[in-house]
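Visitor: how does the following fold in three dimensions:
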Amino acid sequence: MGAIMAQQNSYNGAVLLRSQAYDLALSIREVQLATVSVQGFAGDYRTNLGIYFDLDTSSLYGDRQAFHVYRDNSSPNIYDPVEKYGVQGNLDKRFEISEIRNENGNSIEQLSIIFQRPNFDAKFYNTSGDEINSQFVEIDVSEIGGGAVRTVEVTKTGQISVQNI
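Guide: Model prediction:
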């Protein structure tokens, strides 16, 4: 009976992790679609929307369990808390965004993914507003303290997918 319970807990954790990764991918897709469809921006058809991740917990905005949706108004491609837009994202307290990488496997501490109408294309920026020249970025979602990992991949062409590692 104990072995069955242990397997059930492991299965439940895997299902919850997969669900959390898909929720993150869906949040990115919603930002993309809101940009392209010009939701709520009467007369402003060139508004950029972005989603911001910060793994540096010592920084002002750092939180591995949250991400920020924003409308990029003033300083291009850089997240500013006054630009928050819509529902902000929080992961379940059992999970965290453990790593963000570019196509070369280099870690990224702070990442903004920007979408600009009329394209579905994604652009990637660091905290200084400099574009990250990469065909894709990967965002790892994992259980706090290690364990299984699911990866959300966003490509420059705007494709968003969830992968098992």
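Visitor: lowest-confidence helix or strand of this structure?
Guide: Taking mean pLDDT, DSSP states H and E as the measure, the helices and strands of the chain show their lowest mean at helix 2-37, namely a mean of 78.
Visitor: the residue nearest to F120 when sequence neighbours are not counted in helix, strand or coil?
Guide: In this structure, F120 finds its nearest non-sequential neighbour in G158, 3.6 Å apart by C-beta to C-beta, 6 or more residues apart in numbering. C-beta here means a position set from N, CA and C on the backbone, and glycine is covered the same way. Classification of G158 by DSSP: H, G, I helix; E, B strand; the rest coil places it in coil.
Visitor: burial count for G158?
Guide: 17 (other C-beta atoms under 10 Å).
Visitor: these two touch, right, it and P118?
Guide: No: the pair formed by G158 and P118 falls short of the contact definition of C-beta atoms under 8 Å, at 11.7 Å.
Visitor: and the next element down the chain from the least confident helix or strand of the chain?
Guide: The helix or strand immediately downstream of helix 2-37 is strand 48-54, counting by DSSP states H and E.
Visitor: can you name every helix or strand that that following strand contacts?
Guide: Identification of packing neighbours for strand 48-54 by 3 or more C-beta pairs under 8 Å, 6 or more residues apart in numbering; DSSP states H and E yields helix 2-37, strand 66-72, strand 110-116.
Visitor: can you check the pLDDT for T155?
Guide: T155 carries a pLDDT value of 96.
Visitor: which residue is the nearest non-sequential neighbour of it?
Guide: With sequence-adjacent residues excluded and distances taken as C-beta to C-beta, 6+ apart, T155 is closest to F136, at 4.3 Å.
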